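[1] The sequence and its predicted three-dimensional model are supplied below.
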Amino acid sequence: MAFRKVHMIEIKELLIRLAKGESKRSISRNLKTHRTTINKYLTTSISLGYNPSKDNINKITDDLIEKIKNISINKAKLALSVPRNLILLPYKDEIEKYINDGLKGSKIIQLLKRKGIKFEGSSFYRFVNSSCDNYKNKNITIRLPETEPGKYGQIDFGRLGRIWDKDISKNRIVYALIVTLCYSRHMYVYVTFRTDMTEVINGCEEAFRYFEGVPLLIIFDNLRPVINRGDTYNPRLNKTFLEYSQFRGFTIDPANVSSPKGKPIVERAVPYVRDNFFKGERFISLDDCRERAINWCTNIAGKRIHNTTRKIPIDTFMNTEKDCLLPFKDERYDLPYWSICKVHPDHHIRFKNSLYSVPTKYISKSVEVRGDSAIVKIYHEGILIKIHKTVQAGRRSTDFSDYPENLTPYALRNPNYQISEGYKRGEKIGLYIESLLNGPYPWHRLRTAQKILRLADKYGSDRLTNALNKAEEYCITDIRRIDNMLKNNTENIKYYDTCMNNNINTSPPVIT
């Protein structure tokens with residue numbers, strides 16, 4: 001099994017959390033990244049001059065992350081591992097006996113290794129969690145202590161019912177994105193027809209604007225826009241949403257798969273919103289539903305006495321929790337779009353119906369592309385390789401330096417470029433190309449100019465200069481005849497010399 005490739009954004013998230021003072025154990029648990037990996041990137045960062053525990057968080061730049069990524073790739077080696085079940089399954093009965101006897105996992109690992117069984121400790125714990133029923137203890141419920149003000153929030157989607165959609169003239173299912181602050185139990189409800197990335201971020205933005213702040217950590221259900229792959233031990237966070245969380249400053253904590261107990265506060269809020277706010281009401285439009293949801297959150301749900309805390313949520317929020325939230329900067333978040341694209345033989349990728357150039361060495365390879373309203377960034381194996389300004393659909397952004405140097409002159413259909421390249425090869429060559437392309441419509445002679453540049457590269461500037469002087473002297477304009485001069489090595493032979501060698505009379509004819 002090959003090691004999982006860590007993206008630059010994930011490395012940046014790791015350093016941000018370290019800079020905020022979060023422990024390695026907590027980071028390992030929340031990001032599902034082994035502490036050995038955390039120590040590896042931390043050591044590399046310190047060797048490059050940035051120490052998260054001492055330096056300012058603003059020093060975490062894309063250049064620093066790219067250097068860390070490059071160093072990690074150079075040090076990385078492919079490693080194969082035997083599946084844990086193949087190793088541990090023959091000893092399942094023995095492991096369960098150890099567990100029944102009350103032995104800790106660390107002691108069981110020691111006993112098995114004494115017998116010459118080779119495996120990683122993390123593989124052992126994954127094995128007993130998935131294969132040993134008496135180790136799981138799934139039915140045990142533990143009530144956690146109350147959280148600190150402003151530290152935790154929980155988010156979940158819930159289906160409400162149907163309302164009229166005037167755009168398609170029929171009733172549609174609507175969903176509620178519910179954001180609940182764990183300490184005060186104050187909530188915000190964002191009603192939407194869709195549950196995609198755009199609506200999740202829009203809902204979060206409206207909630208943070210309503211609260212005038214952002215909680216430090218948010219527990220999410222395994223929403224597809226937030227979690228690419230839900231897994232109890234190795235969840236994969238969506239890069240777009242991870243980047244949004246970095247923009248707003250909160251930390252993502254995915255809940256366990258199919259485990260409502262992992263987010264009980266917002267889980268209980270879903271039926272409450274549906275039964276107390278939505279059912280029995282008539283909404284004329286989605287906008288009407290959203291406006292009334294805000295009023296309901298403030299004046300009904302916010303002013304009730306909560307059954308668990310026995311306090312009024314909005315009063316607790318205003319008096320205690322609001323000042324503990326991260327400040328909400330009311331600046332628009334430019335929602336990016338990520339995609340996997342293939343580099344075509346013409347050096348371009350197709351991203352959102354636009355074309356963007358990539359250097360030659362990446363042809364036929366797959367790249368990751370991140371684009372927003374201003375910039376398109378292209379990554380290969382997690383490393384940034386190209387940046388373009390965003391262009392409209394149907395347009396093309398080409399950096400001609402991406403082409404091979406010997407082909408660049410033919411790709412640039414720019415008369416000024418051909419003329420400047422001619423002057424680089426010689427004064428006479430530049431003057432010849434300039435006179436050739438002089439006029440309002442020079443493009444039909446670009447191929448001739450490109451041929452002149454190729455001849456200069458092939459035969460040398462001095463020989464081509466002599467050939468052009470001879471062509472000017474004898475009024476030769478056909479590029480093929482100039483090419484033949486160079487092929488036959490006759491650019492220095494004058495017509496009169498040829499005639500003398502052949503005993504031909506070169507004097508002008510006498511008119512009688």
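    That came through, no problem.
[2] Only C-alpha atoms from now on, for both contacts and neighbour counts.
    OK.
[3] Find the centremost residue of this protein, please.
    The residue lying closest to the centre of the chain (C-alpha atoms, centre = their mean) is residue 370, at 4.7 Å.
[4] Toward the C-terminus, what is the element adjacent to the helix or strand where that residue lies?
    Assigned by DSSP states H and E, residue 370 falls within strand 366-371. The element immediately downstream of strand 366-371 (helix or strand, assigned by DSSP H and E) is strand 375-380.
[5] Tell me, how many residues neighbour residue 110?
    12 (other C-alpha atoms under 10 Å).
[6] Mind telling me what element it is part of?
    Element membership for residue 110 (DSSP H and E) is helix 105-114.
[7] Mind listing what's buried along that helix?
    Within helix 105-114, the residues that qualify as buried by neighbour count (16 or more other C-alpha atoms under 10 Å) are 105, 108-109, 112.
[8] How about stretch 26-38?
    Neighbour count says stretch 26-38 has 27-28, 30-31, 33, 38 buried, by 16+ other C-alpha under 10 Å.
[9] Please tabulate those in JSON lines and include pLDDT and distance to residue 237 as additional columns.
    Below are those laid out as JSON lines (pLDDT from 0 to 100; distance: C-alpha to C-alpha, whole Å):
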{"residue": "27", "pLDDT": "84", "distance to residue 237": "14"}
{"residue": "28", "pLDDT": "85", "distance to residue 237": "14"}
{"residue": "30", "pLDDT": "81", "distance to residue 237": "11"}
{"residue": "31", "pLDDT": "79", "distance to residue 237": "9"}
{"residue": "33", "pLDDT": "82", "distance to residue 237": "12"}
{"residue": "38", "pLDDT": "85", "distance to residue 237": "17"}
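[10] nearest to residue 227, of those residues?
    Distance to residue 227, by C-alpha to C-alpha, is smallest for residue 31 among the buried residues of stretch 26-38, at 11.7 Å.
[11] so where's the stretch 151-300 of the chain shaky on pLDDT?
    Applying pLDDT under 70 to the stretch 151-300 of the chain picks out residues 232-233, 256-262.
[12] Show me where it has its strands.
    Secondary structure of the stretch 151-300 of the chain (DSSP state E, counting those that start in this stretch): strands at 152-165, 170-181, 187-192, 213-214, 217-220, 227-229, 236-237, 251-254.
[13] Now do the strand holding residue 370, average pLDDT.
    Here strand 366-371 scores 92 as its mean pLDDT.
[14] Also stretch 381-392?
    Stretch 381-392 comes out at a mean pLDDT of 90.
[15] so where do the helices sit in the stretch 51-200 of the chain?
    With DSSP state H, counting those that start in this stretch, the ranges of helices along the stretch 51-200 of the chain come out as 62-75, 84-88, 92-100, 105-114, 121-131, 133-136, 197-211.
[16] same question, the stretch 351-500 of the chain
    Under DSSP H, counting those that start in this stretch, the stretch 351-500 of the chain gives helices at 408-411, 415-425, 427-436, 446-459, 461-473, 479-488, 495-501.
[17] Confidence-wise, which of the ones you listed is weakest overall?
    helix 495-501 (a mean of 53).
[18] Touching, residue 98 and residue 108? I think so.
    Yes. With contact defined as C-alpha atoms under 8 Å, residue 98 reaches residue 108; the gap is 6.8 Å.
[19] Generate JSON lines for the helices of the stretch 351-500 of the chain, with mean neighbour count and distance to residue 176 as supplementary columns.
    As requested, the helices of the stretch 351-500 of the chain are exported to JSON lines (neighbours: other C-alpha atoms under 10 Å; distance: least, C-alpha to C-alpha, whole Å):
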{"stretch": "helix 408-411", "mean neighbour count": "14", "distance to residue 176": "53"}
{"stretch": "helix 415-425", "mean neighbour count": "18", "distance to residue 176": "58"}
{"stretch": "helix 427-436", "mean neighbour count": "19", "distance to residue 176": "67"}
{"stretch": "helix 446-459", "mean neighbour count": "18", "distance to residue 176": "61"}
{"stretch": "helix 461-473", "mean neighbour count": "19", "distance to residue 176": "73"}
{"stretch": "helix 479-488", "mean neighbour count": "15", "distance to residue 176": "73"}
{"stretch": "helix 495-501", "mean neighbour count": "11", "distance to residue 176": "91"}
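[20] Which one of the ones you listed lies nearest to residue 148?
    Short answer: helix 408-411, nearest of these by C-alpha to C-alpha, at 61.5 Å.
[21] Mind splitting this protein into its structural domains?
    Domain ranges of the chain: 8-75, 84-136, 152-327, 337-402, 411-501, per automatic domain parsing.
[22] ok, the buried residues of helix 105-114 vs residue 344, which is closest?
    residue 109 (50.9 Å).
[23] got a pLDDT number for the closest one?
    The model's pLDDT for residue 109 equals 86.
[24] could you measure it against residue 250, distance?
    Using C-alpha to C-alpha, to the nearest Å, we find residue 109 at a distance of 37 Å from residue 250.
[25] got it, and residue 323?
    16 Å.
[26] Would you mind telling me which of the two has the busier surroundings?
    Higher neighbour count among residue 323 and residue 250: residue 250, with 20 against 14, using other C-alpha under 10 Å.
[27] Not counting residues beside it along the chain, what's closest to that one?
    Counting by C-alpha to C-alpha, 6 or more residues apart in numbering, the nearest residue to residue 250 once its immediate chain neighbours are dropped is residue 216, at 4.8 Å.
[28] Isn't the one you found up against residue 152?
    Yes. When contacts are counted by C-alpha under 8 Å, residue 216 is listed as touching residue 152 (6.2 Å).
[29] Could you check which of these two is surrounded by more residues?
    Comparing residue 216 with residue 152 by neighbour count (other C-alpha under 10 Å), the higher total belongs to residue 152, at 21 against 18.
[30] Touching, residue 344 and residue 366? I think so.
    No. Using C-alpha under 8 Å as the test, residue 344 is too far from residue 366 to be in contact (9.5 Å).
[31] Now do the shared contacts for these two.
    When C-alpha atoms under 8 Å, 6 or more residues apart in numbering defines a contact, no residue borders residue 344 and residue 366 alike.
[32] quick one: the residue nearest to the centre of the chain from residue 320, how far?
    According to C-alpha to C-alpha, residue 370 and residue 320 sit 40 Å apart.
[33] do residue 56 as well
    29 Å.
[34] now residue 346
    In terms of C-alpha to C-alpha, residue 346 sits 60 Å off from residue 320.
[35] same thing with residue 352?
    Distance from residue 352 to residue 320, by C-alpha to C-alpha: 46 Å.
[36] Next, give phi and psi for residue 349.
    According to degrees, to the nearest 10, the main-chain angles of residue 349 amount to phi -110, psi 160.
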